[in-house]
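Here's my sequence, what's the structure:
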Amino acid sequence: QVQLVESGGGLVQAGGSLRLSCAASGSIFSIGTMAWFRQAPGKQRGLVARITSGGITNYADSVKGRFTISRDNAKNTVYLQMNSLKPEDTAVYYCNGNLQRIGTGPSWSTYWGQGTQVTVSS
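Purely as a prediction, here's the structure:
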């Protein structure tokens, strides 16, 4: 069994900062690309940022220069530092990861966290 557990969401004023964390746990053999997605009410879930196992990153245009994704491979954890937050950043943020489980050979599977609410007030 593999779990992705997010933390760090909350309520913040516009211009403020939050740091989200996502810890992977369970029977993990290897972790590949990790990512953060978000879904606002009435909108589709969309990519915010992703980071490969080698540390290559890419971001949605709407968050470039404000958000930073990073990972600590020793802790199986990915982070999203969010600065200069805007009301339009309000959404449920989901962690996503491609992982290999112990004992399942070379196959990769995609996992999702349960989501964490980020609310930015104007």
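
Residue 32 - how many residues pack around it?
Using other CB atoms under 10 Å, residue 32 is surrounded by 13 other residues. The way it works is simple: take the backbone N, C-alpha and C, and place the C-beta from them, glycine included.

So for this protein, the centremost residue is which one?
residue 36 (2.9 Å; CA atoms, centre = their mean).

Correct me if wrong: that one contacts residue 97.
No - in this structure, residue 36 is not within contact of residue 97 by CB atoms under 8 Å, at 10.2 Å.

shared neighbours of those two, anything?
Taking CB atoms under 8 Å, 6 or more residues apart in numbering as the criterion, residue 36 and residue 97 both touch 22, 78.

coming back round to it: after the strand or helix carrying the residue nearest to the centre of the chain, heading C-terminal, what element do we hit next?
Assigned by DSSP states H and E, residue 36 falls within strand 28-39. Downstream of strand 28-39, the first helix or strand assigned by DSSP H and E is strand 46-51.

ok, and for that next one, which residues are buried?
48-51 (16 or more other CB atoms under 10 Å).

And stretch 97-117, by the same measure?
97-101, 111, 113, 115-116.

Among those residues, which ones are in helices?
Per DSSP state H, helices hold no members of the buried residues of stretch 97-117.
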